[in-house]
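>>> give me a model of this one.
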Amino acid sequence: MSEIDESRAPLLDHLIELRRRLLYCIAALVVTFAVAMYFAEDIFGFLVHPLLAAGQDTVIYTEVFEAFFVQVKVAFFAAMMLSFPVIANQLWQFVAPGLYKKEKNALLPFILATPVLFLTGAAMAYYVAIPMALHFLLGFDGVVGGVKREALPAIGNYLSFTMQFLFGFGIAFLLPVLLMLLERAGIVTRKQLVGARRYAIVAAFAIAAVLTPPDIGSQLLLAIPLTILYEFALIGIWFTERSRAKAKAQDETSDSTDIAETH
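Numbering: from 1, shown residues only. Predicted coordinates:
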């Protein structure tokens, strides 16, 4: 009975700590959502700029509540991005006490690289991929069979289109972090990843075909960076393998020195 009591206290402490961290995350999300809701129109104005640059100066909404819900979605997406540093920090504060120093040093760079890579992918989508896709998709305006064909994008559809690009490119650019974490956990090895390179290239083009419009330009804009990021991940894994091998050799040398001094 005493063993159960002794193990129960640490478990309760962890649950209380988890609850506290979750409350901080929820509070950060609520505060950032309130701020983003106030600036929702300005944020959507920023998102709609590629559409305006493509020559489309009109968006419509076909349901009475559609414009309002678009503002809510915009505020929520913005709140998720703005509160991510707080959420990531709370996650780190909860996990870090249970990690060894070497594990902390190994995991921290991945956490720091995640927002940088995501923002890089989202920026590429906004400044390059979305304008190219809009140029292709809005190029079907004209007269067909004597009937005028004109694009009138709905505000909700355009937001979904933009978010698909931003989150698709942002998440895709996290590929190096994912591969290096899998290698660090021992799930895959660098040799296996090198052997699977051809399959990774095919997968990159398949992902690009799903996340982008059917024009080849937009697909290449995602598939080529994914392939390059895959190679960067292999290079990063090679460097981490070398550093681990050096650290292991130093530990073995120090252990043999201590044994020799003992004798």
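>>> which element is the most centrally placed residue in the chain on?
With distances taken as CA atoms, centre = their mean, Ile171 lies nearest the centre of the chain, 3.4 Å away. Taking DSSP states H and E as the definition, one finds Ile171 inside helix 155-172.
>>> Asp13 too?
If you go by DSSP H and E, Asp13 is part of helix 2-38.
>>> now the helix or strand that comes right after that helix: mean pLDDT?
Once the chain leaves helix 2-38, the next helix or strand it forms, by DSSP H and E, is helix 40-47. Per-residue pLDDT over helix 40-47 has a mean of 93.
>>> swap in stretch 58-72?
Taken as a whole, stretch 58-72 has a mean pLDDT of 90.
>>> what sits up against it?
37, 40-41, 44, 48, 51, 152-156, 158-159 (CB atoms under 8 Å, 6 or more residues apart in numbering). (C-beta placed from N, C-alpha, C; glycine too.)
>>> what do you get for stretch 131-145?
Stretch 131-145 is contacted from outside by 50-51, 53-56, 148-151, 165, 212-213, 215, 217-218, 221, using CB under 8 Å, 6+ apart.
>>> drop anything exposed from the residues you listed.
50-51, 54, 56, 165, 212-213, 218, 221 (16 or more other CB atoms under 10 Å).
>>> list the contacts of Thr32.
78-79, 82-83.
>>> check the contacts of stretch 58-72 and tell me the two furthest apart.
Between any two of the contacts of stretch 58-72, the greatest separation by CB to CB is 26.9 Å, found for Met37 and Leu152.
>>> neighbour count winner among the two?
Neighbour count, other CB atoms under 10 Å: between Met37 and Leu152, Met37 has more, with 17 against 9.
>>> please enumerate the helices of the stretch 151-263 of the chain.
Here the stretch 151-263 of the chain has its helices, by DSSP state H, counting those that start in this stretch, at 155-172, 175-184, 190-195, 197-211, 216-262.
>>> closest to Ile111 out of these?
Of all the helices of the stretch 151-263 of the chain, helix 175-184 comes closest under CB to CB, at 8.9 Å.
>>> measure Gly145 to Ala151 for me?
Computed as CB to CB, to the nearest Å, the Gly145 to Ala151 distance reads 17 Å.
>>> in what helix or strand does the residue nearest to Cys25 when sequence neighbours are not counted lie?
In this structure, Cys25 finds its nearest non-sequential neighbour in Ile87, 4.8 Å apart by CB to CB, 6 or more residues apart in numbering. Secondary structure assigned from DSSP H and E places Ile87 in helix 66-95.
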